[in-house]
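One predicted model, sequence on top.
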Amino acid sequence: MEMVTPQSALPGRAETVRISGRHFVNGSSMLPPYAEGRQSVVFGMGCFWGAERIFWQLPGVVTTAAGYAGGFTPNPSYEETCSGLTGHTEAVQVVFDPAAVSFEDVLRAFWEGHDPTQGNRQGNDFGTEYRSAIYWTDEAAGRAAEVSRDRYEKQLAASGYGAITTEIKQLTDFYFAEEYHQQYLAKEPNGYCGIGGTGVACPTGLTTA
């Protein structure tokens with residue numbers, strides 16, 4: 001339940017995981033480079049199986065991928081990440097077309113799709129690898145994410161929830177998870193899904209200070 005230090009994190013490896021790169025649901029490419037004008041963000045919201053499904057169903061999202069982010073170990077495996085010794089959280093990369101869906105709507109799906117007040121856990125899943133996180137790729141998105149956090153936190157407080165614990169910082173690396181994790185719940189419709197929101201709706205003007 002405590003974050004590993006860079007010095008004590010697993011060493012990882014230089015080799016990247018090999019995946020097909022083809023999205024099982026919509027046939028898009030999960031791998032960069034992406035088309036001009038596309039934007040991306042990486043979310044942690046508990047087990048990435050259910051989290052990824054939320055976003056591939058969102059109109060305007062071009063592609064999604066399960067992976068690991070926010071930690072120290074290069075190219076970690078699933079087992080290493082679940083050990084809590086990489087510093088990574090299970091994460092979902094979301095690539096979207098801002099002409100078809102706003103970043104505000106993408107953030108709304110994130111906030112309403114899980115409970116961001118639980119710290120290093122999500123439901124029955126415990127550990128730093130299940131922490132809530134937003135890893136942004138440009139400063140404007142980072143500011144919008146922070147504003148949305150502050151606005152949603154007020155809504156949660158009014159419903160009796162505690163402070164939001166979501167980690168918000170610039171993305172350094174996103175490591176793709178193994179092939180069998182990609183779009184897992186489309187391949188295994190009855191597979192485990194630990195995702196569950198609070199039932200508290202985000203306010204209008206979520207990213208407006």
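Ah, there it is.

Tell me the buried residues in the longest helix that the chain contains?
Counting by DSSP state H, the longest helix found in the chain is helix 139-158. Within helix 139-158, the residues scored as buried using 16 or more other C-beta atoms under 10 Å are 141-142, 144-149, 151-153, 155-156. Every C-beta, even on glycine, is put in place using the N, C-alpha and C of the backbone.

okay, those in a markdown table with pLDDT next?
Putting the buried residues of helix 139-158 into a markdown table (pLDDT from 0 to 100) gives the following:
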| residue | pLDDT |
| --- | --- |
| Ala141 | 97 |
| Gly142 | 98 |
| Ala144 | 98 |
| Ala145 | 98 |
| Glu146 | 98 |
| Val147 | 98 |
| Ser148 | 98 |
| Arg149 | 98 |
| Arg151 | 98 |
| Tyr152 | 98 |
| Glu153 | 98 |
| Gln155 | 97 |
| Leu156 | 98 |
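
will you turn those into a markdown table that also has distance to Gly27?
Listed next are these as a markdown table, based on distance: C-beta to C-beta, whole Å:
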| residue | distance to Gly27 |
| --- | --- |
| Ala141 | 27 |
| Gly142 | 31 |
| Ala144 | 30 |
| Ala145 | 29 |
| Glu146 | 35 |
| Val147 | 35 |
| Ser148 | 31 |
| Arg149 | 34 |
| Arg151 | 36 |
| Tyr152 | 33 |
| Glu153 | 38 |
| Gln155 | 37 |
| Leu156 | 37 |
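
nearest to Thr166, of those?
For those, the closest approach to Thr166 (C-beta to C-beta) belongs to Arg149, at 6.1 Å.
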